[in-house]
Every structure is written in structure tokens, then in C-alpha cells.
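Student: coords below, sequence missing:
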């Protein structure tokens with residue numbers, strides 16, 4: 001597994017062992033182009049002129065229940081442990097054949113993180129395009145780092161993430177993003193195939209005997225510690241998820257930032273970083289009632305403006 005930039009995108013390769021079974025089911029449905037089985041008639045041609053074109057269908061209804069449920073639970077548990085999001089929105093299965101694309105847009109307010117899970121045999125593809133596109137931070141804050149001698153072609157403006165087979169890409173959906181136009185075959189088996197949606201419902205997640213009531217008291221202490229900084233006018237928005245271990249004795253260990261989409265004005269960036277350091281220090285000082293076993297906690301903190 002590999003992880004990308006935690007504030008913009010996370011990329012995990014070889015995410016799910018169910019990938020080949022999911023892909024095989026899709027290929028089998030399109031094996032005979034003359035077949036008229038009713039399970040072929042499930043696709044919506046989603047077309048918004050000048051913005052979106054793709055074939056789509058609800059993923060949870062398309063695949064065999066047991067195989068899909070195993071993948072779905074793997075995705076949900078990853079979101080709980082790493083992002084502090086309790087669930088995912090009902091995922092779509094989308095297929096991009098010749099002419100399909102998504103032009104740049106932002107997903108608000110669908111969820112705290114967007115995800116794209118690829119079932120595309122990328123290394124054997126016959127089409128061009130299909131990458132997930134993310135507008136770079138340098139473009140979103142263009143003039144603060146502007147240099148008149150710096151190149152300004154597409155690679156400097158847009159980050160392109162390849163939808164490799166069995167790759168999970170998770171990104172901040174507030175970033176303008178899209179899918180590069182697919183040029184190639186009209187055969188669905190030769191297109192870009194992805195399961196996608198959003199991680200939603202951020203709330204504390206505990207694995208172990210630590211009761212949520214005890215955790216609530218700790219969250220209150222963190223909130224109290226942050227109040228002076230926020231009251232001073234720091235305008236911050238996004239989701240910060242902190243992970244830590246609670247020992248049987250109730251002490252906190254191994255505090256770390258798991259994921260972070262918090263954003264401020266460029267001039268306030270030092271204050272944002274100081275706020276995160278304050279959060280991790282405060283969490284590290286928390287104490288909880290003793291238990292027979294330790295616990296693992298993911299604590300999401302949502303900032304809105």
C-alpha cells in the first residue's frame with residue numbers, strides 16, 4: 001500500500017482482494033453483445049451537457065451480494081479507522097467509454113472525503129484519458145507563489161491520478177476535480193470502470209472497551225483548549241482526524257494525525273499548524289478510566305465556516 005499527500009489525496013494500491021471477482025462479474029455481463037438478459041438493462045446514461053457524461057448504476061445492486069458486501073465493509077472500516085467517517089454514501093459504479101468525461105467541479109456538500117475505486121485494467125487499456133484530475137493548490141492560490149519564469153502548462157495546473165486496477169483514491173471533494181475525457185472504444189469492457197462515492201458521518205470511532213461517554217469528556221477538553229485560538233479569529237474549515245492508543249491504565253499513546261483537509265488563508269497557515277500541534281498535545285495529555293484492555297481511537301474534528 002502507498003499513501004499520497006494526506007491533505008489532498010490518499011492513494012492505496014492493491015486495496016481489496018475482491019477486485020478480480022468484481023471485475024470478472026462485470027466482464028461476464030458484457031461477454032455476449034447480442035445477449036438480452038434483464039441484468040444488462042441497469043445502466044443510466046448520465047449526461048449533463050458541458051459537464052458530465054458517463055454510464056452509471058448503483059454498485060451495491062450490480063454485483064453478487066456476498067462479494068460486494070465484503071468489499072463494501074472493507075471500504076467502510078478503512079474510512080472509520082483512517083478518516084473518522086462512520087459510513088459511505090451509496091456507491092455508484094460508473095463506466096466511461098468513448099466521449100465520457102467529468103469536467104472540473106467541486107462536490108459540496110456530499111461528504112468529507114470522496115473516493116474512487118478502480119476496476120479498470122489500466123496497464124492493458126486501449127483508450128486515452130480517464131485519469132482523475134485534481135486542481136493543484138498553486139492554482140487555487142495562484143498569485144501568492146507566482147513566478148513569471150515558471151512553466152504554466154497542464155501538469156503544473158492539474159494533478160492527474162491514474163485509475164490503476166484495484167487502486168483506491170481518496171481526496172478532498174472541495175478541490176475542483178474531474179475525469180479526463182476518454183477516447184477509444186465503445187465496448188464497456190475496454191473503458192474506465194470505477195466504484196465511487198463519499199465518506200460521510202464523521203464521529204469518534206473506538207475499537208476496544210473504552211466507552212464513548214469517557215471519550216466525550218476528553219473531546220470537551222480538546223474543544224476547550226482550542227477555544228481561545230478560534231475565538232481570536234482563525235478562519236479554518238475542514239476535517240482533521242487524529243488517531244491514538246489508550247492503554248489499559250487509561251493513558252494515551254501514539255498520537256498522530258491520520259488525515260487532514262483543514263484549510264485557511266495562506267497568511268494564516270502558521271496558525272493552522274500551531275492549532276494542530278495544540279490538538280495533538282492536548283489529546284496526548286488526556287486520561288481515561290482504567291480498563292482490562294487497551295483501545296484504539298480515531299477522533300475526527302470538524303471545522304466549519
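Tutor: Good, I have the coordinates. All figures in this text were calculated on a predicted structure; none of them were measured in a lab. Numbering: from 1, shown residues only.
Student: is it true that residue 27 lies in a strand?
Tutor: No. With DSSP: H, G, I helix; E, B strand; the rest coil as the criterion, residue 27 is assigned helix and is not in a strand.
Student: Without its sequence neighbours, what residue ends up closest to it?
Tutor: If you skip the residues right next to it in sequence, residue 27 has residue 189 as its closest partner in space, 5.7 Å away by Cβ to Cβ, 6 or more residues apart in numbering. For the C-beta atoms, the positions are set from N, CA and C on the backbone; glycine is no exception.
Student: now the residue located most distally from the centre of the chain, what's its secondary structure?
Tutor: The outermost residue of the chain, judged against the average C-alpha position, is residue 34 (37.6 Å), by Cα atoms, centre = their mean. Using three-state DSSP as the criterion, the local structure at residue 34 reads coil.
Student: Next, work out how far apart it and residue 303 are.
Tutor: Going from residue 34 to residue 303 by Cβ to Cβ, to the nearest Å gives 55 Å.
Student: For residue 120, give me its contacts.
Tutor: By Cβ atoms under 8 Å, 6 or more residues apart in numbering, residue 120 lies in contact with 130, 163-165, 191-194.
Student: Swap in 7 Å and give it another go.
Tutor: The neighbourhood of residue 120, defined by Cβ atoms under 7 Å, 6 or more residues apart in numbering, consists of 130, 163, 165, 192-194.
Student: For those residues, please prepare JSON lines with the additional fields neighbour count and secondary structure.
Tutor: Compiled in JSON lines, these are given as follows (neighbours: other Cβ atoms under 10 Å; DSSP: H, G, I helix; E, B strand; the rest coil):
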{"residue": "130", "neighbour count": "25", "secondary structure": "coil"}
{"residue": "163", "neighbour count": "22", "secondary structure": "coil"}
{"residue": "165", "neighbour count": "18", "secondary structure": "coil"}
{"residue": "192", "neighbour count": "28", "secondary structure": "strand"}
{"residue": "193", "neighbour count": "25", "secondary structure": "strand"}
{"residue": "194", "neighbour count": "26", "secondary structure": "strand"}
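Student: Redo the residues you listed as CSV? Include pLDDT and distance to residue 279.
Tutor: CSV is the format used below for the contacts of residue 120 (pLDDT from 0 to 100; distance: Cβ to Cβ, whole Å):
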residue, pLDDT, distance to residue 279
130, 97, 38
163, 98, 34
165, 98, 37
192, 98, 39
193, 98, 39
194, 98, 34
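Student: Tell me the one of those residues nearest residue 11?
Tutor: residue 163 (10.4 Å; Cβ to Cβ).
Student: Next, give phi and psi for that closest one.
Tutor: Backbone torsions of residue 163, given as degrees, to the nearest 10, read phi -80, psi 70.
Student: about what we covered before: may I ask which two of the contacts of residue 120 are separated the most?
Tutor: 130 and 165 (12.2 Å).
Student: what's the span of stretch 275-291, first residue to last?
Tutor: Length of stretch 275-291, first residue to last, Cα to Cα, to the nearest Å: 31 Å.
Student: Next, the buried residues of that stretch.
Tutor: Buried residues in stretch 275-291, defined by neighbour count with 16 or more other Cβ atoms under 10 Å: 275-276, 279-280, 282-283, 286, 288, 291.
Student: ok but the residue nearest to residue 27 is inside a strand, no?
Tutor: No. Residue assignment for residue 189, taken from three-state DSSP, gives helix, which places it outside any strand.
Student: What count of nearby residues applies to it?
Tutor: Around residue 189 there are 16 other residues, counting by other Cβ atoms under 10 Å.
Student: how about the host helix or strand of residue 300: buried residues?
Tutor: For residue 300, the element it lies in under DSSP states H and E is strand 295-303. In terms of neighbour count (16+ other Cβ under 10 Å), strand 295-303 has its buried residues at 295, 297-301, 303.
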